[in-house]
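1. coords below, sequence missing:
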């Protein structure tokens, strides 16, 4: 089996699917790096939502092999003094604006190096003020795929941006107070309460909306269709779901909705 | 022209496009099988809708070449005792949960072999209860692309699951009673009445909603814009459409809406 | 680095993402040209909207390298006497119905050659009346990728179709009257007033909805979040946007909404 001639370049944006913006970036990528396979991760990050992008990357990038190049453009600050950067993390490369979109990924995979993309040699000749995805980030990703070193693009940076990610807190009663941080396509409501925060979860109960859910289940089909349930999902985070149905709609849950995990008094006495 | 170094892997899911689930599967695929080209078929199968997935596969898979590997994850039963399987059909491979999603394809292309995916060597080391697409199906598809035989994954199965697909029925009056089984992106309403069920269709009439449509046309632009019409579409199925418009919206048609095809009395006498 | 074994084939359609139509075309492409990398540009051109497709192609195709093959299927006239064609433009190939979808691209990149696709040898054996994307256009694109010459498909055409594209007009008062021609995913409203029509844009004002916007800004973040602004976007066209927000929703703008660019009297006197 042949070794691939160039590493894969993935694309993640908030550009949606009806406009020519993704297409223009792909044209730039394959003009510069015709051998690099291209693959879309998502173009439906919510517009300008850096936190959603950060959660996305943390759940996706760790599954890719070393050397993969991720072109990530969620860029509300395009044309301002926010820096274009190339980052090495998990042995892979991320090309993106320096706006904190790696904050969640960094919690499990510390950043290895960050370089400022300054070298105009690796930009399109005519650089717009409103579309750096096409004019700066795509060319940089393609030149990386052709073997250019990070240092070719500009100087190493000692600091880079971070965003605030809501964290669950433990109160004096030993209850965990978290919130819904992402509602997925199925209406599953993913929270910031992580399995690793608990000793065990045999006797925990989850309070969300006006419901108390217990016990914590293993998978969606553990309850009858339509029934809401709590489980620890595939990213190790507490999730409010509904078997064969849409928990977000059924329980009117949105990003930011409070979720509390507690031990019932009786159970605690019993231990 | 070089022979491709690995077969293509396609992806079909109900995961939508905004979450990291498809991306995580792609990461797993290219970590294990970096030479296999990846291509998306659809991630917008309606959530948990195995029948929609079955109709989709029957209209798509026959056009692919032998050896193609299709990763298909519409999996409401994830984590239960439904089996993960790899199927050989039309000289191609389908990796999916055993939930009947091949039922429609099998009507034209009989299944050649089915193996249970049991060998833990070809799973991710940490297998979740809620995301077998990433932890079981993607690794199996990637190992197939690297040349592993079906028998490596587990024992052959003599039986596999099927779903009930609504079929058109012929009454004593020689009328065909069918229904809308899929509304496409254009609002074309595809029915389960197949061209092969008719001797000819010169003098047939179609009754749907409060309309009688006749004759059966050849293509959309055969009638003025906005006009509803009946035709046999590209899959050989009777379709209710509207020229340059959306028949489903105009006629308030949904999956399950009854459609009847009959011969008018006068015309029958004339024969 | 190895030379790619076959040119890239891109796909642009109005087919949406839930139906098997795109998948069937990909099956045909990789059955005939297994070495050609496939990449999606968009499947969300508005149904039957040839003008939207024309604007899309003009903003995307110029970024691709010579030799790229673009399969473009927005085809309300499928099955009528509109011709299937293969076009050479910008050193690339476009395979599409002859319905004017290249009109905007041709303004900057004159068409180099057009051939009628007539040779039945390069169609699927069973050609439907309603899905030429699968039966005529995909096979032609794949045979091009395998090295077939344009002349193999059929005779050169001296004329091909064009559509009317709304153009901005200059009145006696030196005011430019244009309109919104595309609302993008972010709600940015792109007009047909081009930067090249102006001498400078230091003192212009833009009237749209009940708002007067001035000055013309450089990028979105030049104004506080939520504020509407006018700027020349990445395609050189005047754009009505709103920082971190959706201008189309905020100002109730749609395709066709009038936009006027004028010089204020005081400023004009001052010159």
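-> Sure, I can see it. Every value quoted in this text rests on a predicted model; they were computed, and no experiment measured them.

2. what ranges does the stretch 101-250 of chain A have for its strands?
-> Per DSSP state E, counting those that start in this stretch, the stretch 101-250 of chain A carries strands over the ranges A:111-116, A:169-170, A:176-183, A:189-194, A:205-208, A:211-213, A:216-217, A:228-232, A:237-242.

3. tell me the most buried of those strands?
-> Compared across those, strand A:237-242 shows the largest average neighbour count, a mean of 26 (mean count of other C-beta atoms under 10 Å in any protein chain shown). Yep, even glycine has a C-beta here, placed from its N, CA and C like the rest.

4. get me the contact residues on chain A for chain C.
-> A:5-6, A:14-28, A:30-31, A:34-35, A:37-38, A:40, A:47-48, A:76-80, A:128-131, A:134-135, A:146 (C-beta under 8 Å from any C-beta of the partner chain).

5. which residue, neighbours along the chain excluded, lies closest to residue A:105?
-> Closest residue to residue A:105 apart from its sequence neighbours, by C-beta to C-beta, 6 or more residues apart in numbering or on different chains: residue A:58 at 4.4 Å.

6. and if you look at residue A:128?
-> Closest residue to residue A:128 apart from its sequence neighbours, by C-beta to C-beta, 6+ apart: residue C:234 at 4.3 Å.

7. quick one, phi/psi of the one you found?
-> The phi and psi torsions at residue C:234 (degrees, to the nearest 10) take the values phi -70, psi -10.

8. and the residues of chain A next to chain C, which of them are in strands?
-> Under the assignment DSSP state E, the residues of chain A next to chain C contribute A:38, A:40 to strands.

9. buried among the residues of chain A next to chain C? Need that as a selection in ChimeraX.
-> Buried members of the residues of chain A next to chain C, defined by 16 or more other C-beta atoms under 10 Å in any protein chain shown, are picked up in ChimeraX with:
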select /A:6,14,15,16,17,18,19,20,21,22,23,24,25,26,27,28,30,31,34,35,37,38,40,47,48,76,77,78,79,128,129,130,131,134,135
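
10. now do the contacts for the residue of the stretch 1-150 of chain A found nearest chain B.
-> Residue of the stretch 1-150 of chain A nearest chain B, by C-beta to the nearest C-beta: residue A:63 (2.9 Å). Counting by C-beta atoms under 8 Å, 6 or more residues apart in numbering or on different chains, residue A:63 makes contact with B:23, B:24, B:25, B:26, B:27, B:28, B:31, B:134.

11. cutoff 6 Å now
-> Residue A:63 is in contact with B:24, B:27, B:28, counting by C-beta atoms under 6 Å, 6 or more residues apart in numbering or on different chains.

12. do the same with residue A:187
-> Residues near residue A:187 by C-beta under 6 Å, 6+ apart: A:246, A:247, A:248, A:249.

13. one more time with 8 Å, if that's ok
-> If you count contacts by C-beta under 8 Å, 6+ apart, then residue A:187 has A:241, A:242, A:245, A:246, A:247, A:248, A:249, A:250 around it.

14. same check on residue A:77?
-> Residues in contact with residue A:77, defined by C-beta under 8 Å, 6+ apart, are A:97, A:99, C:221.

15. any idea how far residue A:155 is from chain B?
-> 30 Å (C-beta to the nearest C-beta, to the nearest Å).

16. over to residue A:203?
-> In terms of C-beta to the nearest C-beta, residue A:203 sits 19 Å off from chain B.

17. OK, contacts around whichever residue of the stretch 101-250 of chain A sits closest to chain C?
-> Using C-beta to the nearest C-beta, residue A:131 is the residue of the stretch 101-250 of chain A that sits closest to chain C, at 3.4 Å. Residue A:131 makes contact with A:21, A:24, A:78, C:233, C:234 under the criterion C-beta under 8 Å, 6+ apart.

18. ranges for the helices of chain A?
-> Counting by DSSP state H, chain A has helices at residues A:21-32, A:50-60, A:103-108, A:132, A:138-145, A:247-251, A:265-270.

19. got the angle for the fifth one vs strand A:111-116?
-> Read that as helix A:138-145. Between helix A:138-145 and strand A:111-116, the angle comes out at 130 degrees (axes from the mean of the first three to the mean of the last three C-alpha atoms, to 10 degrees).

20. could you do the longest one as well?
-> Relative orientation of helix A:21-32 and strand A:111-116, computed by the same axes, to 10 degrees: 90 degrees.

21. tell me how chain A divides into domains.
-> In the domain annotation for chain A, the residue ranges read A:9-152, A:169-262 (automatic domain parsing).

22. worst mean pLDDT among the ones you listed?
-> Of all the domains of chain A, mean pLDDT reaches its minimum on domain A:169-262 (a mean of 93).

23. pull up the distance across it, start to finish.
-> Its first and final residues considered, domain A:169-262 spans 12 Å by C-alpha to C-alpha, to the nearest Å.

24. one step back: so which of the contacts of residue A:77 wins on neighbours?
-> Highest neighbour count within these: residue A:97, with 25 neighbours (other C-beta atoms under 10 Å in any protein chain shown).

25. check contacts around the nearest residue to that one once chain neighbours are set aside.
-> The shortest distance from residue A:97 to any non-neighbouring residue, by C-beta to C-beta, 6+ apart, is to residue A:75 (4.7 Å). Neighbouring residues of residue A:75 by C-beta under 8 Å, 6+ apart: A:96, A:97, A:99, A:132, A:133.

26. in this structure the fourth one contacts residue A:97, no?
-> Yes: Residue A:132 sits in contact with residue A:97 when judged by C-beta atoms under 8 Å, with a separation of 7.1 Å.
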